[in-house]
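Visitor: What would the 3D arrangement of this be:
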Amino acid sequence: MIQTIRSKERYHLETDWLSTNWHFSFDQYHDPKNMNFGPLRVFNDDTVASAGGFPMHSHREMEIVTYVIAGALEHKDNMGNTGVIRPGEIQRMSAGTGVRHSEFKPSEKDPVHLIQLWIMPAVQHLRPSWEQKSFSLSDRKGRLLPIAIPAGKNGNTSTTAVQIQQDVTIYTSLLAPGQSVTHKLGQGRRAYIFVINGSLKVNGETLGTGDQARVSSERDLELSAATSSSASSADFLLLDLP
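Guide: Model prediction:
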(Lines give C-alpha, C1' and ligand atoms only; values in the text may rest on other atoms or scores of the structure.)
Protein backbone atom coordinates (compact mmCIF):
# COMPACT_ATOMS: atom_id res chain seq x y z
CA MET A 1 0.00 0.00 0.00
CA ILE A 2 1.26 3.47 -0.89
CA GLN A 3 -0.30 6.43 0.92
CA THR A 4 0.45 9.63 -0.99
CA ILE A 5 0.35 12.98 0.80
CA ARG A 6 0.69 16.04 -1.41
CA SER A 7 2.80 19.07 -0.59
CA LYS A 8 -0.23 21.32 -0.08
CA GLU A 9 -1.72 18.86 2.44
CA ARG A 10 1.13 19.32 4.90
CA TYR A 11 0.75 21.57 7.93
CA HIS A 12 2.36 24.91 7.09
CA LEU A 13 3.64 27.55 9.49
CA GLU A 14 5.00 30.97 8.54
CA THR A 15 6.78 33.37 10.90
CA ASP A 16 9.04 36.37 10.36
CA TRP A 17 12.10 34.07 10.12
CA LEU A 18 10.79 30.55 9.46
CA SER A 19 8.73 28.94 6.69
CA THR A 20 8.10 25.31 7.58
CA ASN A 21 6.04 22.28 6.61
CA TRP A 22 5.44 19.65 9.28
CA HIS A 23 4.70 16.11 8.12
CA PHE A 24 3.66 14.89 11.59
CA SER A 25 2.15 16.42 14.73
CA PHE A 26 4.62 18.93 16.13
CA ASP A 27 4.48 21.88 18.51
CA GLN A 28 1.04 23.54 18.17
CA TYR A 29 -0.05 21.19 15.36
CA HIS A 30 -1.67 18.09 16.85
CA ASP A 31 -3.47 15.35 14.95
CA PRO A 32 -3.83 12.05 16.87
CA LYS A 33 -4.08 10.25 13.52
CA ASN A 34 -0.77 11.71 12.31
CA MET A 35 1.71 11.21 15.12
CA ASN A 36 4.36 9.03 13.48
CA PHE A 37 5.17 6.44 10.82
CA GLY A 38 6.83 3.56 12.63
CA PRO A 39 9.76 5.05 14.58
CA LEU A 40 9.75 8.21 12.42
CA ARG A 41 8.28 10.81 14.75
CA VAL A 42 9.14 14.17 13.11
CA PHE A 43 9.86 15.22 9.53
CA ASN A 44 10.14 19.00 9.25
CA ASP A 45 10.87 20.79 5.98
CA ASP A 46 12.28 24.15 7.15
CA THR A 47 13.44 27.30 5.37
CA VAL A 48 15.17 29.70 7.75
CA ALA A 49 15.37 33.31 6.61
CA SER A 50 18.24 35.69 7.24
CA ALA A 51 19.24 36.21 10.89
CA GLY A 52 17.03 33.30 11.94
CA GLY A 53 17.55 30.07 13.80
CA PHE A 54 16.60 27.84 16.71
CA PRO A 55 17.91 29.09 20.09
CA MET A 56 19.29 26.75 22.76
CA HIS A 57 16.69 24.15 23.75
CA SER A 58 16.63 20.64 25.20
CA HIS A 59 15.75 17.12 23.99
CA ARG A 60 15.67 13.65 25.50
CA GLU A 61 15.47 10.12 24.08
CA MET A 62 15.40 11.03 20.39
CA GLU A 63 17.65 10.52 17.36
CA ILE A 64 17.78 13.87 15.52
CA VAL A 65 19.06 13.87 11.94
CA THR A 66 19.65 17.09 9.97
CA TYR A 67 20.01 17.22 6.18
CA VAL A 68 20.68 20.57 4.47
CA ILE A 69 19.31 21.08 0.95
CA ALA A 70 20.65 24.61 0.35
CA GLY A 71 22.64 27.09 2.42
CA ALA A 72 24.37 26.34 5.71
CA LEU A 73 23.33 25.73 9.32
CA GLU A 74 25.54 26.00 12.41
CA HIS A 75 25.10 23.55 15.30
CA LYS A 76 26.21 24.08 18.92
CA ASP A 77 25.45 21.95 21.97
CA ASN A 78 26.25 21.70 25.66
CA MET A 79 28.59 18.74 24.99
CA GLY A 80 30.99 21.19 23.34
CA ASN A 81 30.25 20.10 19.77
CA THR A 82 30.09 22.68 16.99
CA GLY A 83 29.73 22.24 13.25
CA VAL A 84 28.37 23.89 10.13
CA ILE A 85 26.34 21.56 7.95
CA ARG A 86 26.02 22.18 4.21
CA PRO A 87 24.70 20.21 1.20
CA GLY A 88 26.69 16.99 0.99
CA GLU A 89 26.79 16.55 4.78
CA ILE A 90 24.59 14.72 7.29
CA GLN A 91 24.41 15.35 11.02
CA ARG A 92 23.13 13.08 13.80
CA MET A 93 22.54 13.91 17.44
CA SER A 94 21.47 11.23 19.92
CA ALA A 95 19.71 13.15 22.68
CA GLY A 96 19.79 10.17 25.05
CA THR A 97 19.46 11.16 28.70
CA GLY A 98 19.35 14.83 27.76
CA VAL A 99 21.10 17.45 25.64
CA ARG A 100 20.78 21.16 24.90
CA HIS A 101 21.56 22.53 21.45
CA SER A 102 20.97 25.38 19.01
CA GLU A 103 21.01 25.84 15.24
CA PHE A 104 21.54 29.16 13.51
CA LYS A 105 22.48 30.39 10.07
CA PRO A 106 26.11 31.52 9.86
CA SER A 107 25.15 33.77 6.94
CA GLU A 108 23.39 37.06 7.63
CA LYS A 109 21.64 37.17 4.27
CA ASP A 110 21.36 33.74 2.65
CA PRO A 111 18.45 31.50 3.74
CA VAL A 112 18.96 27.83 4.57
CA HIS A 113 16.64 25.03 3.45
CA LEU A 114 16.86 21.90 5.59
CA ILE A 115 15.13 18.71 6.58
CA GLN A 116 15.13 17.67 10.24
CA LEU A 117 14.01 14.18 11.20
CA TRP A 118 13.37 12.79 14.66
CA ILE A 119 13.54 9.02 15.04
CA MET A 120 12.53 7.22 18.23
CA PRO A 121 15.54 5.21 19.44
CA ALA A 122 15.51 1.45 19.98
CA VAL A 123 17.60 1.89 23.15
CA GLN A 124 16.97 4.51 25.82
CA HIS A 125 19.07 6.07 28.60
CA LEU A 126 22.14 6.36 26.36
CA ARG A 127 24.82 8.98 26.81
CA PRO A 128 24.15 11.90 24.41
CA SER A 129 26.37 11.96 21.33
CA TRP A 130 26.83 13.82 18.05
CA GLU A 131 28.48 13.20 14.70
CA GLN A 132 28.65 14.73 11.24
CA LYS A 133 29.73 13.05 8.01
CA SER A 134 30.33 14.21 4.44
CA PHE A 135 29.35 12.49 1.23
CA SER A 136 29.95 13.31 -2.41
CA LEU A 137 26.88 14.77 -4.09
CA SER A 138 27.92 13.01 -7.28
CA ASP A 139 27.86 9.63 -5.49
CA ARG A 140 24.08 9.77 -5.19
CA LYS A 141 23.49 10.23 -8.92
CA GLY A 142 21.57 7.31 -10.35
CA ARG A 143 21.58 5.32 -7.10
CA LEU A 144 20.36 5.16 -3.51
CA LEU A 145 23.23 6.34 -1.31
CA PRO A 146 22.95 5.45 2.40
CA ILE A 147 23.78 8.44 4.60
CA ALA A 148 22.41 7.16 7.93
CA ILE A 149 22.61 3.52 9.03
CA PRO A 150 21.69 1.48 12.12
CA ALA A 151 24.37 1.69 14.78
CA GLY A 152 26.36 -1.50 15.10
CA LYS A 153 24.07 -3.66 12.99
CA ASN A 154 26.06 -6.52 11.45
CA GLY A 155 29.26 -4.58 12.09
CA ASN A 156 28.11 -1.59 10.03
CA THR A 157 30.91 0.85 9.35
CA SER A 158 30.88 3.76 6.92
CA THR A 159 32.97 6.83 6.33
CA THR A 160 30.01 8.69 4.78
CA ALA A 161 27.01 7.65 6.92
CA VAL A 162 26.10 8.59 10.48
CA GLN A 163 24.93 5.82 12.81
CA ILE A 164 21.56 6.04 14.54
CA GLN A 165 20.18 4.04 17.45
CA GLN A 166 17.36 2.46 15.47
CA ASP A 167 16.97 -0.08 12.67
CA VAL A 168 16.51 2.68 10.08
CA THR A 169 18.50 3.48 6.95
CA ILE A 170 18.23 6.87 5.25
CA TYR A 171 19.12 7.12 1.55
CA THR A 172 19.61 10.16 -0.66
CA SER A 173 19.27 9.96 -4.45
CA LEU A 174 19.34 12.11 -7.56
CA LEU A 175 17.89 10.52 -10.69
CA ALA A 176 18.31 12.15 -14.09
CA PRO A 177 15.22 12.16 -16.35
CA GLY A 178 14.47 8.59 -17.34
CA GLN A 179 16.75 7.00 -14.73
CA SER A 180 15.37 4.46 -12.26
CA VAL A 181 16.45 2.50 -9.19
CA THR A 182 14.87 -0.35 -7.27
CA HIS A 183 14.68 -0.97 -3.54
CA LYS A 184 13.63 -4.19 -1.85
CA LEU A 185 11.91 -4.01 1.52
CA GLY A 186 12.34 -6.85 3.99
CA GLN A 187 9.43 -8.70 5.54
CA GLY A 188 7.40 -6.32 7.68
CA ARG A 189 9.45 -3.28 6.63
CA ARG A 190 8.08 0.02 5.40
CA ALA A 191 9.42 3.01 3.47
CA TYR A 192 9.00 6.77 3.71
CA ILE A 193 9.80 8.78 0.57
CA PHE A 194 10.04 12.56 0.27
CA VAL A 195 10.58 14.39 -3.01
CA ILE A 196 12.80 17.43 -2.52
CA ASN A 197 12.60 18.48 -6.16
CA GLY A 198 11.36 17.11 -9.48
CA SER A 199 8.94 14.34 -10.35
CA LEU A 200 9.31 10.77 -9.11
CA LYS A 201 7.27 7.67 -9.85
CA VAL A 202 6.98 5.11 -7.05
CA ASN A 203 5.51 1.85 -8.37
CA GLY A 204 3.65 3.92 -10.95
CA GLU A 205 2.40 6.57 -8.48
CA THR A 206 3.67 10.05 -9.44
CA LEU A 207 5.03 12.33 -6.73
CA GLY A 208 5.97 15.96 -7.24
CA THR A 209 8.10 18.43 -5.33
CA GLY A 210 7.14 18.41 -1.64
CA ASP A 211 5.08 15.22 -1.89
CA GLN A 212 5.59 12.25 0.41
CA ALA A 213 4.75 8.55 0.20
CA ARG A 214 4.21 6.28 3.19
CA VAL A 215 4.74 2.73 1.96
CA SER A 216 3.72 -0.45 3.75
CA SER A 217 2.97 -4.05 2.68
CA GLU A 218 5.13 -3.68 -0.43
CA ARG A 219 8.24 -5.77 -1.06
CA ASP A 220 9.65 -4.18 -4.23
CA LEU A 221 9.87 -0.49 -5.01
CA GLU A 222 10.54 0.86 -8.49
CA LEU A 223 11.55 4.52 -8.39
CA SER A 224 11.95 6.45 -11.64
CA ALA A 225 12.37 10.07 -12.68
CA ALA A 226 10.08 11.71 -15.21
CA THR A 227 11.05 11.36 -18.87
CA SER A 228 9.52 14.49 -20.44
CA SER A 229 11.82 16.89 -22.30
CA SER A 230 11.21 19.59 -19.66
CA ALA A 231 11.72 17.31 -16.66
CA SER A 232 14.37 18.05 -14.06
CA SER A 233 16.24 15.47 -12.03
CA ALA A 234 14.33 13.79 -9.20
CA ASP A 235 15.98 14.67 -5.88
CA PHE A 236 14.58 12.63 -2.98
CA LEU A 237 15.10 10.91 0.36
CA LEU A 238 14.05 7.33 1.15
CA LEU A 239 13.82 5.91 4.67
CA ASP A 240 13.74 2.12 5.18
CA LEU A 241 11.93 1.59 8.49
CA PRO A 242 10.65 -1.22 10.71
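Visitor: residue ranges with poor pLDDT in this structure?
Guide: For the chain, the stretches flagged by pLDDT under 70 are 55-56, 101, 108, 154-158, 229.
Visitor: Where does residue 8 sit: helix, strand or coil?
Guide: When classified by DSSP: H, G, I helix; E, B strand; the rest coil, residue 8 comes out as helix.
Visitor: what's the burial count for the closest residue to it other than its chain neighbours?
Guide: Distance criterion C-beta to C-beta, 6 or more residues apart in numbering; nearest residue to residue 8, sequence neighbours excluded, is residue 210 at 7.9 Å. For every residue, glycine as well, the C-beta is placed using N, CA and C. Per other C-beta atoms under 10 Å, the neighbour tally for residue 210 reads 17.
Visitor: Quick check: residue 210 is in a helix.
Guide: No. Residue 210 is assigned coil when assessed by three-state DSSP, not a helix.
Visitor: Can you give me the distance of residue 93 to residue 165?
Guide: Residue 93 sits 11 Å away from residue 165, going by C-beta to C-beta, to the nearest Å.
Visitor: got any residues that touch both of those two?
Guide: residue 63 (C-beta atoms under 8 Å, 6 or more residues apart in numbering).
Visitor: Am I right that the residue nearest to residue 8 is in contact with residue 10?
Guide: Yes. Residue 210 is within contact range of residue 10, at 7.3 Å (criterion: C-beta atoms under 8 Å).
Visitor: what residues are shared contacts of the two?
Guide: Residues touching both residue 210 and residue 10 (C-beta under 8 Å, 6+ apart) are 21, 45.
Visitor: Now do the contacts for the residue nearest to residue 8.
Guide: So residue 210 contacts 6-8, 10, 21, 45, 195 (C-beta under 8 Å, 6+ apart).
Visitor: and it, what are its phi and psi?
Guide: phi 90, psi -10 (degrees, to the nearest 10).
Visitor: ok, residue 190 - contacts?
Guide: 37-38, 214-216, 241-242.
Visitor: For it, list each beta-bridge partner.
Guide: Here residue 190 sits in beta bridges with residue 241, going by DSSP bridges.
Visitor: Going forward, count from 36.
Guide: All set: I'll call the first residue 36, so the last point we hit is now residue 225.
Visitor: other SSEs contacting the helix or strand where residue 137 lies?
Guide: Per DSSP states H and E: residue 137 is located in strand 134-139. Packing partners of strand 134-139 (3 or more C-beta pairs under 8 Å, 6 or more residues apart in numbering; DSSP states H and E): strand 88-94, strand 108-112.
Visitor: which other residues reach it?
Guide: 87-95, 101, 108-114, 128, 163.
Visitor: hmm, back to that, please identify which of the helices and strands packed on strand 134-139 is closest to residue 237.
Guide: Each of the helices and strands packed on strand 134-139 has some distance to residue 237 by C-beta to C-beta; the shortest is strand 108-112, at 28.7 Å.
Visitor: Quick check: which helices or strands does the closest one pack against?
Guide: strand 88-94, strand 117-120, strand 124-129, strand 134-139, strand 164-169.
Visitor: how about a cut-off of 10 Å?
Guide: Packing partners of strand 108-112 (3 or more C-beta pairs under 10 Å, 6 or more residues apart in numbering; DSSP states H and E): strand 88-94, strand 117-120, strand 124-129, strand 134-139, strand 147-154, strand 164-169.
Visitor: Next, format these as JSON lines and append distance to residue 194 and mean neighbour count.
Guide: Below are the helices and strands packed on strand 108-112 laid out as JSON lines (distance: least, C-beta to C-beta, whole Å; neighbours: other C-beta atoms under 10 Å):
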{"stretch": "strand 88-94", "distance to residue 194": "27", "mean neighbour count": "13"}
{"stretch": "strand 117-120", "distance to residue 194": "17", "mean neighbour count": "16"}
{"stretch": "strand 124-129", "distance to residue 194": "12", "mean neighbour count": "23"}
{"stretch": "strand 134-139", "distance to residue 194": "24", "mean neighbour count": "18"}
{"stretch": "strand 147-154", "distance to residue 194": "21", "mean neighbour count": "22"}
{"stretch": "strand 164-169", "distance to residue 194": "7", "mean neighbour count": "16"}
